[in-house]
Each structure stands twice: as C-alpha cells, then as structure tokens.
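Enquirer: Kindly generate the corresponding structure for this input.
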Amino acid sequence: MYKKIVVPVMLILFILQTSNLLFANEKTETKAEVKTEATAEKKVKADEAAESVRETRDDVVATVNGEEIFRKELDRRLSVYKRMNQEVTRAVQIEVINRLATKVLLKQFVEGQNIGVSDGAVQGELEKIKYFLRSNPNDSEKSLGEILETQGSNIGELEGEIRRTLALSKYLDQRVGDDEKSSYFESNISVFNGEKVKASHILIDTTKLKTAAELENAKQKIEEVKKEIDNGADFAETARKYSTCPSAEKGGDIGFFQRKGSLVEEFAEAAFSMKVGEISEPVKTQFGYHIIKVTGKVEGKDVSYEDVADIVDFYFLERKKEALLKGLYEKAEIEITL
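Expert: Sure thing, here's the model as predicted:
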C-alpha cells in the first residue's frame with residue numbers, strides 16, 4: 001500500500017525540486033519597488049541592449065564532461081529570482097549552474113546504464129504532478145504549462161526529469177538488498193516510528209551574508225550568545241533578544257516536529273540526539289547558526305521493518321541516490337565559463 005501511494009508522492013517532490021519547481025521560497029520577503037515611467041523605460045532599453053550584447057558572445061556558461069550548458073537555460077531559472085525581486089548575485093548564478101550540472105550528470109549516468117522506462121510510466125507520474133500542483137488554490141485554474149513557465153521550466157523538461165528519476169530508482173532498487181534496508185531501518189528507527197521532538201532555538205541568520213568576514217562575525221555572535229546561556233541566561237529571553245527567526249517572539253519555540261521532512265537535516269539530527277532540557281552547541285545549517293534546546297519528546301511506537309518496508313525503501317534509496325550523485329560530481333570534469 002505504501003509503495004503505491006506514499007512513494008510516488010515523495011518521488012513527485014524530488015522531481016519538483018530537481019526541476020526547480022520548489023526552488024523559490026514562498027516565505028521569502030519581496031522588496032517593494034516604485035519606479036517612474038522614465039525609469040521603467042530606461043530599464044527596458046537597458047535590457048534590450050544587454051540582450052543584444054549577449055547574443056554576440058559565447059552563450060555557453062558551463063560544460064559537464066564535455067556537454068554544454070547554455071545561458072538560456074541559466075536565464076530561465078534566474079527569471080524566477082527576478083520575478084520575486086531577489087538580487088541575482090554571482091553566487092546565485094553559480095549555485096544555479098551547479099544545480100544544472102547535477103541534472104546533466106544524472107542524465108549522462110542514466111543514459112550510460114541504458115535503463116528503459118515506459119512512456120506510460122512517465123505519463124502516470126506526470127498526471128500525479130498535475131494533480132499535486134493544481135491542489136494549490138493559486139494554481140487550480142492554470143494549465144501545467146503555465147505553472148511550469150512561471151518556474152522557468154516546461155513540460156518537455158519535466159517529462160525528461162521524470163524519466164531519469166524513474167530510471168535511477170530502478171537502477172538503485174536492483175542493487176540494494178533487503179538486509180541493507182533492514183539495517184538502515186534499525187539504525188534510523190526514529191524516522192519511522194512516529195517519534196517527535198519539541199524544541200526552541202536561537203538563530204543567527206547568514207542567508208544574506210556575502211563575505212567571509214560577515215560569516216565569521218555571525219559565528220562569533222552565536223558563540224557569544226551560547227556563553228550567555230552557559231552563564232545562566234534564560235533561553236527564551238535570550239531568543240527574544242538575539243534570534244532572527246520569527247519564532248523569537250515565542251522565545252524560540254518551534255513546536256513538535258518529526259525526524260524527517262519537517263526541518264533541515266542538520267537541525268533535526270542534532271535535536272533528535274539530545275535529551276529533554278539539553279542545550280546544543282551551535283549548529284550550522286543553510287539558514288545560519290542555531291542553538292537548540294529540546295523541551296519535549298513524544299516517544300515512538302513499536303514498529304517493525306515489515307510494517308513500513310516501502311517507506312524505508314524510499315528513504316534508503318534517496319540516501320543511495322545522494323551518494324551516487326555526489327560521487328558523479330566529484331569525478332566529473334566541470335568547467336564554469338560564466
């Protein structure tokens with residue numbers, strides 16, 4: 001039952017992420033812009049001039065094992081940032097190129113393995129994605145093509161992602177034994193037994209920092225905050241004073257969460273390894289530096305591998321896939337020419 005319902009839904013989420021459809025953060029604050037007609041007209045002319053210059057120069061921004069990534073592919077994805085009025089820095093461009101490079105590596109690997117995936121299987125997953133996206137009230141009246149266009153993608157590209165994702169899943173599933181999956185289950189029981197942790201945290205945000213000096217200052221700041229707590233400062237009051245997370249107004253409280261799927265891995269891993277009342281050392285995630293305090297736990301239920309075998313399969317294969325892609329990336333000849 002799980003494999004027919006749960007796994008395809010998670011497969012959809014993976015495809016959406018790799019296709020850039022979940023790339024834009026819905027919680028990102030947009031900046032209000034006020035422009036005069038003259039300023040807008042100047043911008044249009046500047047954009048036209050930039051496009052003219054672009055057409056006259058090499059439009060390859062990277063090569064991956066000799067396969068080219070073109071500027072138009074990069075620009076389509078950067079358009080998502082621009083529509084949200086987010087600054088497109090060189091760091092952002094490099095990040096997007098690396099995402100594109102990973103997709104190319106996956107394509108090259110799957111093609112090299114000659115793994116067959118039927119058109120029917122691809123269309124079946126495509127229909128699930130249509131249903132998933134249209135369940136959002138904001139998109140219920142839009143066609144899939146329209147939704148994809150706003151995210152810098154298209155149906156043909158999405159179908160390719162689906163085919164490669166299904167092929168990779170088939171490849172990994174053929175090379176993993178039940179003993180490995182069972183061992184993974186035993187080592188990660190909290191992922192599958194419904195265990196929950198309640199925590200508060202203090203965050204020093206680093207997402208908008210650009211220089212090494214700024215990042216070092218953030219690290220020093222979180223260490224200073226930790227010293228205050230070690231010296232007896234109340235955690236909730238300290239969170240209200242220093243944390244840059246919206247949870248600060250609640251003393252850092254973020255409520256209960258499960259081991260997987262709710263919070264970033266580094267945060268969840270630290271929290272689930274702690275006892276109630278324990279306060280962590282600074283934990284680094286993609287959002288910044290955290291100090292975590294575990295304030296409650298809900299113990300998991302007794303569960304066997306057979307009870308959750310299909311969901312275990314999914315998580316274990318995801319882990320294998322991440323390791324495979326990391327290895328491909330490390331061995332690849334990647335040149336960024338941006």
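
Enquirer: Let me know the pLDDT of residue 77.
Expert: Here the pLDDT value assigned to residue 77 is 87.

Enquirer: In three-state terms, label it for me.
Expert: The three-state assignment at residue 77 reads helix, by DSSP: H, G, I helix; E, B strand; the rest coil.

Enquirer: next one: residue 176
Expert: Classification of residue 176 by three-state DSSP places it in coil.

Enquirer: Now it: phi and psi?
Expert: In terms of degrees, to the nearest 10, the main-chain angles of residue 176 are phi -120, psi 130.

Enquirer: In contact with it, which residues?
Expert: Going by C-beta atoms under 8 Å, 6 or more residues apart in numbering, residue 176 touches 316, 317, 320. Backbone N, C-alpha and C define where each C-beta goes, glycine included.

Enquirer: Give me the below-cutoff pLDDT ranges for the stretch 101-250 of the chain.
Expert: Applying pLDDT under 70 to the stretch 101-250 of the chain flags residues 139-140.

Enquirer: if you look at the contacts of residue 176, which of them are in helices?
Expert: With helices taken from DSSP state H, the overlap with those comprises 316, 317, 320.

Enquirer: So which residues make contact with the one helix or strand residue 241 maps to?
Expert: Element membership of residue 241 [criterion: DSSP states H and E] is helix 235-242. Helix 235-242 has contacts (C-beta under 8 Å, 6+ apart) with 200-202, 204, 221, 225, 228-229, 247-249, 251-253, 279, 293.

Enquirer: State the number of residues packed around the residue lying closest to residue 67 once chain neighbours are set aside.
Expert: Using C-beta to C-beta, 6 or more residues apart in numbering and skipping the chain neighbours, the partner closest in space to residue 67 is residue 104 (5.6 Å). A count of nearby residues for residue 104, using other C-beta atoms under 10 Å, gives 21.

Enquirer: Could you identify the least confident member of the contacts of residue 176?
Expert: Lowest pLDDT among the contacts of residue 176: residue 317, with 85.

Enquirer: Go ahead and confirm that residue touches residue 171.
Expert: No: Residue 317 is beyond contact range of residue 171, at 9.7 Å (criterion: C-beta atoms under 8 Å).

Enquirer: ok, these two, which is more surrounded?
Expert: Relative neighbour count places residue 317 above the other of residue 317 and residue 171, with 20 against 17, counting by other C-beta under 10 Å.

Enquirer: Is residue 293 in a helix, a strand, or coil?
Expert: Of the three states, residue 293 takes strand according to three-state DSSP.

Enquirer: and it, what does it touch?
Expert: By C-beta under 8 Å, 6+ apart, the neighbours of residue 293 are 199, 200, 201, 235, 252, 277, 278, 279, 280.

Enquirer: Any of those buried? List them.
Expert: Using 16 or more other C-beta atoms under 10 Å as the burial test, the contacts of residue 293 include 199, 200, 201, 235, 252, 279, 280 as buried.

Enquirer: Specify the beta-bridge partners of the third one.
Expert: Translated: residue 201. residue 292 (DSSP bridges).
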